[in-house]
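**Student:** could you work out the structure for the sequence below:
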Amino acid sequence: MAETSASRPASTILLLRDGAAREIEVFMMVRHHQIEFNSGALVFPGGSVDAGDNEIVARADLYSGGEGLSEADRGFRIAAIRETFEESGILLARSRDTGAPVDAKRAGEIADAHRVALNEHKISFLSILADNGLQLALDTLVPYAHWITPEGMPKRFDTWFFLAAAPPDQLGAHDGRESTDSIWISPREAVEGGESGRFKLPFPTTRNLIRLAKQPSVSAALEHARGLSIVTVMPIMTKTETGRQLRIPRDAGYDGEVFEVGAVG
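**Tutor:** Reported below is the predicted structural model:
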């Protein structure tokens, strides 16, 4: 049996907007083909919780809406907002002075000034927030799912998925480093693209897209998420003659319990 590695805390955000065709749209990116994990896949912005995120946890002046959350929960949300800013330029934050949400113009200015340096680890996210009088808007994130990579996989993540309404007119753009393309797409079209081979979709991504596709609007999706009882999903993987089989808890609220998959991404 393969030796199981420890799972790393990670976060991802499903950024939503209402589309023109009475369908919600979600912001997704194509992972760079040279990235070790999920290369070439269509994914939501996200990544690992890092030490800098935990430093921000200790600075209550740098975020709002964290009341009632544990330090670990705040860390997951801070990482989600940071990774989304790094990968898309979209910033879920408020002015520390006025409490007003950061608008698209200001978010663009901050991204233009600091995003490259942040991605190159030449500046910390904490410094960007402090120097620009910002507070991360933790309460804009609604927990949607909690997935842990199956045992036996070489890279394992303990990932929280959050829903968030995209700030008005913040359209997002891929960074050209970890991602090579970005798109606003309806969950239905993304799933159909995965089935047709147009997109490479990781298994958890597909499951969450199928669930999200049932919601007619951003407000409906957020309301549904607020009412969810989150069940942790760690798929149990078994090899079959045709590939692999994954089993997930039925009460997690997805589109089934047992899935035949050719490979796990």
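**Student:** drop to CA atoms for contacts and neighbour counts, all remaining ones
**Tutor:** Will do.
**Student:** by mean pLDDT, which helix or strand of this protein comes out lowest?
**Tutor:** Least confident helix or strand, the chain: strand 179-185 with a mean of 74, by mean pLDDT, DSSP states H and E.
**Student:** helix or strand: which one has G193?
**Tutor:** helix 187-196 (DSSP states H and E).
**Student:** for that helix, packing partners?
**Tutor:** Applying 3 or more Cα pairs under 8 Å, 6 or more residues apart in numbering; DSSP states H and E, we find helix 187-196 packed against strand 24-31, helix 203-212.
**Student:** and stretch 119-134, how far from the chain's centre?
**Tutor:** Relative to the centre of its chain, stretch 119-134 is centred 20 Å away, using Cα atoms, centre = their mean, to the nearest Å.
**Student:** do stretch 163-174 as well
**Tutor:** 12 Å.
**Student:** now do the buried residues in the least confident helix or strand of the chain.
**Tutor:** 179, 181-185 (16 or more other Cα atoms under 10 Å).
**Student:** which one of the helices and strands packed on helix 187-196 lies nearest to A190?
**Tutor:** helix 203-212 (7.5 Å; Cα to Cα).
**Student:** for this structure, longest strand please?
**Tutor:** strand 7-18 (DSSP state E).
**Student:** and the contacts of that one?
**Tutor:** Around strand 7-18, the neighbours that count as contacts under Cα atoms under 8 Å, 6 or more residues apart in numbering are 24-27, 44-49, 76-77, 79-81, 83-84, 141, 148-149, 155-166, 217-218.
**Student:** now list the buried members of those.
**Tutor:** Buried among the contacts of strand 7-18 (16+ other Cα under 10 Å): 24-27, 44-49, 76-77, 79-81, 83-84, 141, 148-149, 156-166, 217-218.
**Student:** ranking the helices and strands packed on helix 187-196 by mean pLDDT, which is last?
**Tutor:** For those, the bottom mean pLDDT is recorded on strand 24-31, which sits at a mean of 87.
**Student:** and that strand with helix 187-196, angle?
**Tutor:** 40 degrees (axes from the mean of the first three to the mean of the last three Cα atoms, to 10 degrees).
**Student:** quick one: mean pLDDT for stretch 58-77?
**Tutor:** Mean predicted confidence for stretch 58-77 is 96.
**Student:** any idea how far apart the tips of it sit?
**Tutor:** Its start and end residues considered, stretch 58-77 measures 14 Å (Cα to Cα, to the nearest Å).
**Student:** in that stretch, which residues are buried?
**Tutor:** Buried residues in stretch 58-77 (16+ other Cα under 10 Å): 62-64, 66, 74-77.
**Student:** among those, which are located in helices?
**Tutor:** 74-77 (DSSP state H).
**Student:** need the contact partners of the helix holding G193.
**Tutor:** Contacting residues not belonging to helix 187-196 are listed as 24-26, 199-201, 206, 209-210, 212-213 [Cα under 8 Å, 6+ apart].
**Student:** run the last query once more with 6 Å
**Tutor:** Around helix 187-196, the neighbours that count as contacts under Cα atoms under 6 Å, 6 or more residues apart in numbering are 199-201, 209, 213.
**Student:** now it against helix 203-212, angle please.
**Tutor:** Interaxial angle, helix 187-196 versus helix 203-212 (the same axes, to 10 degrees): 140 degrees.
**Student:** on that earlier part again, direction included, what does the least confident helix or strand of the chain pair up with?
**Tutor:** Its sheet considered, strand 179-185 pairs with strand 24-31 (antiparallel) by DSSP bridges.
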